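Colleague: here's my sequence, what's the structure:
(chains A and B)
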Amino acid sequence: MRKLILPLLLAFAAPAQAWDVGKLIKGLETAKKVVDANRDITEAEEVQMGGELAATLLGAAPLVDDAEMQRYVNRVGVWLAQHSERPGLPWKFGVIDHPHVNAFATPGGHILVTRGLLQRLRSEAELAGVLAHEIAHVLKKHQLSAIQKSLGTAALSDIAAQYADNTGKRSAANTAKLIGGGKELYLKGLDKEDEFEADRMGVVIAARAGYNPYGLVGVLQTLSESASDPGLGFLLETHPMPNDRLDRLDAAMGERMEELSKNVDNLPRFSKLRR
Amino acid sequence: MKIAITVLLLAAGLAQAAEMGTVLRAAELKQKPFADAAKVSDVTAKAAVEIVQRQGAWIQIKADGQVGWVKMLNVRTGNSQAKPGSGGGGLGSLVSVFQTGSSSKTQTTGVKGISKDGLKEAQPDMEQLAKLNGMQVTAEDAKRFARAGKLEDVKVDYLPKSADGK
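Modeller: Predicted coordinates:
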């Protein structure tokens, strides 16, 4: 009797269990998809996608063919990045061959400044101010979040996964979406609040690295002074007005960073570079 | 002809040298860029000034024929009426004309830079990206560079939106 019941019970139990497990797996898969769509983009994905966007900016204006200048800017930049909360990112800095004044950051630590901007700087502390502002955008993932917002979180997660695999299976459609989203962002600019935040963080990062924190203030005064210069048109279209930025820095800095203004301002190596 | 060019170049040089600004708040014009330096005179709010140079948190200005220092963040530069990219007028446009004219370094007029034209059409340049990646320096290298420039680490906290903590 017992022997008979047991197989019967098992016969009933097995399909029931299988069905339940199947449902469970299905449910888990759905749950996983939802989690995936809202997951954080990993650092590797951020670097890969940022590289694609940097390549696009470089497609518009290539690197200046001057190894000494590029090494100098990279050294200032990496030194600054060591004083941030993401020192281990593969930070890369480049001077691009364009006479207009502008600077760009793409996710994962790619930072590009134009030759036109470099030429208008007065000191290494001013260069540090500009680079630290761009570093802050990367730290805060301002560009990544903006692209995520415009493409949709789920869509960007899909694209990011393809970049992370790095198996060459990237669909042309996904790459085009990413580049399109990036271009839209760099043509439109970030939220004003992101720019004000990057200014506030930039002066601090520069000060931590031993530079006069007023370098960025000097650069913003230069931008304001030459506001009618056509070479600044694009930058001013995509950023808050320099005087608004100075007012915000004025409110944030007050007198609390004046002691640090005895930090390094300029060095002969900067003037030598600009010759 | 030579004289004309020389005169124009001189004019351009002067125009470029004269950086103009406005003082925001009434302040003491100091003899040196220090809070406890001797007073030269008083500067009134909204005074139009000529900028001479910058040092630390300070900016040297010429106001009413007097030269002295005020805090850098107490000065706003440029002509607030000028619209970006409009070419403006007065000294600013003279500078622009000269930069576009003879100096190949900054010739730009009519091009919206790496903007509309260039960026909209741009395609990823993977060779250039590889070049950028190849330029990366190590943290050790950057540290040596910093030591050579006598750059010292300083501990500083990030700033709240306004200095009174709000």
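Colleague: which stretches of chain B form helices?
Modeller: Here chain B has its helices, by DSSP state H, at B:2-17, B:90-101, B:116-121, B:126-134, B:139-148.
Colleague: which residues sit in contact with B:Val70?
Modeller: B:23, B:27-30, B:43, B:58-59, B:61 (CB atoms under 8 Å, 6 or more residues apart in numbering or on different chains). Where C-beta positions appear, they are placed from N, C-alpha and C, glycine not excepted.
Colleague: now that we have these, which of them are buried?
Modeller: B:23, B:27-30, B:43, B:58-59, B:61 (16 or more other CB atoms under 10 Å in any protein chain shown).
Colleague: any weak-confidence spans in chain B?
Modeller: B:1-17, B:79-116, B:165-166 (pLDDT under 70).
Colleague: and if we set it to 90?
Modeller: Across chain B, the ranges flagged by pLDDT under 90 are B:1-18, B:78-118, B:120, B:162-166.
Colleague: next, count neighbours for A:Val203.
Modeller: Using other CB atoms under 10 Å in any protein chain shown, A:Val203 has 29 neighbouring residues.
Colleague: which element is it on?
Modeller: helix A:192-208 (DSSP states H and E).
Colleague: can you name every helix or strand that that helix contacts?
Modeller: Judged by 3 or more CB pairs under 8 Å, 6 or more residues apart in numbering or on different chains; DSSP states H and E, the packing partners of helix A:192-208 are helix A:124-139, helix A:142-151, helix A:215-225, helix A:242-253.
Colleague: can you get me a residue count around B:Asp164?
Modeller: 8.
Colleague: what lies in contact with the lengthiest strand in chain B?
Modeller: Ranked by residue count under DSSP state E, the longest strand found in chain B is strand B:48-55. Outside strand B:48-55, the residues that touch it by CB under 8 Å, 6+ apart are A:122, A:214, A:218, A:265, B:18-23, B:33, B:43, B:59-63, B:67, B:69, B:72, B:75, B:77.
Colleague: those residues, buried ones only, as a ChimeraX selection?
Modeller: The buried subset of the contacts of strand B:48-55, as determined by 16+ other CB under 10 Å, is captured in ChimeraX by this line:
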select /A:122,214,218,265 /B:19,20,21,22,23,33,43,59,60,61,63,69,72,75,77
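Colleague: now, which of the contacts of strand B:48-55 lie within strands?
Modeller: Counting by DSSP E, the part of these found in strands is B:19-23, B:43, B:59-63, B:67, B:69, B:75, B:77.
Colleague: and those residues, which is closest to chain A?
Modeller: Using CB to the nearest CB, B:Thr77 is the member of the ones in strands among the contacts of strand B:48-55 that lies nearest chain A, at 3.9 Å.
Colleague: ok, the closest residue to that closest one other than its chain neighbours - how many residues close by?
Modeller: Closest residue to B:Thr77 apart from its sequence neighbours, by CB to CB, 6 or more residues apart in numbering or on different chains: A:Glu225 at 3.9 Å. By the criterion of other CB under 10 Å, A:Glu225 has 23 neighbours.
Colleague: what residues are up against A:Glu225?
Modeller: Listed by CB under 8 Å, 6+ apart, the contact set of A:Glu225 reads B:19-21, B:77-78.
Colleague: how about A:Gly210?
Modeller: So A:Gly210 contacts A:263-264, B:146, B:149-154 (CB under 8 Å, 6+ apart).
Colleague: can you rerun that using 10 Å?
Modeller: A:79-80, A:83, A:125, A:128, A:260, A:263-264, B:146, B:149-154 (CB atoms under 10 Å, 6 or more residues apart in numbering or on different chains).
Colleague: in ChimeraX, how would I select the buried members of the residues you listed?
Modeller: Remark: buried members of these, expressed as a ChimeraX selection using 16+ other CB under 10 Å:
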select /A:79,80,83,125,128,260,263,264 /B:146,149,151,154
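Colleague: from the contacts of A:Gly210, which is closest to A:Val138?
Modeller: Of all the contacts of A:Gly210, A:Leu80 has the smallest distance to A:Val138: 11.3 Å, by CB to CB.
Colleague: give me the three-state assignment for the closest one.
Modeller: What DSSP: H, G, I helix; E, B strand; the rest coil gives for A:Leu80 is helix.
Colleague: just checking, it touches A:Trp91?
Modeller: Yes: counting by CB atoms under 10 Å, A:Leu80 does reach A:Trp91; the two are 8.7 Å apart.
Colleague: mutual contacts of those two, please.
Modeller: A:111, A:131, A:135, B:142.
Colleague: burial count for the third one?
Modeller: Yep, that's A:Ile135 we're talking about. By other CB under 10 Å, 29 other residues sit near A:Ile135.
Colleague: surely it is in contact with A:His110?
Modeller: No: counting by CB under 10 Å, A:His110 is not a contact partner of A:Ile135; they are 11.0 Å apart.
Colleague: I'd say A:Thr247 and A:Met253 touch.
Modeller: Careful, residue A:247 is Asp; it's not Thr. No: with contacts defined as CB under 10 Å, A:Asp247 does not count as touching A:Met253, sitting 11.1 Å away.
Colleague: which one's more surrounded, those two?
Modeller: Comparing A:Asp247 with A:Met253 by neighbour count (other CB under 10 Å), the higher total belongs to A:Met253, at 25 against 16.
Colleague: the more buried one reaches A:Ala206, doesn't it?
Modeller: No: using CB under 10 Å as the test, A:Met253 is too far from A:Ala206 to be in contact (11.9 Å).
Colleague: now do the shared contacts for those two.
Modeller: Going by CB under 10 Å, 6+ apart, residues that sit against A:Met253 and also against A:Ala206 are A:213-214, A:216, A:260.
Colleague: now the residues you listed as a markdown table including distance to chain B and pLDDT?
Modeller: Output for the shared contacts of A:Met253 and A:Ala206, formatted as a markdown table (distance: CB to the nearest CB, whole Å; pLDDT from 0 to 100):
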| residue | distance to chain B | pLDDT |
| --- | --- | --- |
| A:Pro213 | 8 | 97 |
| A:Tyr214 | 5 | 98 |
| A:Leu216 | 11 | 98 |
| A:Leu260 | 6 | 92 |
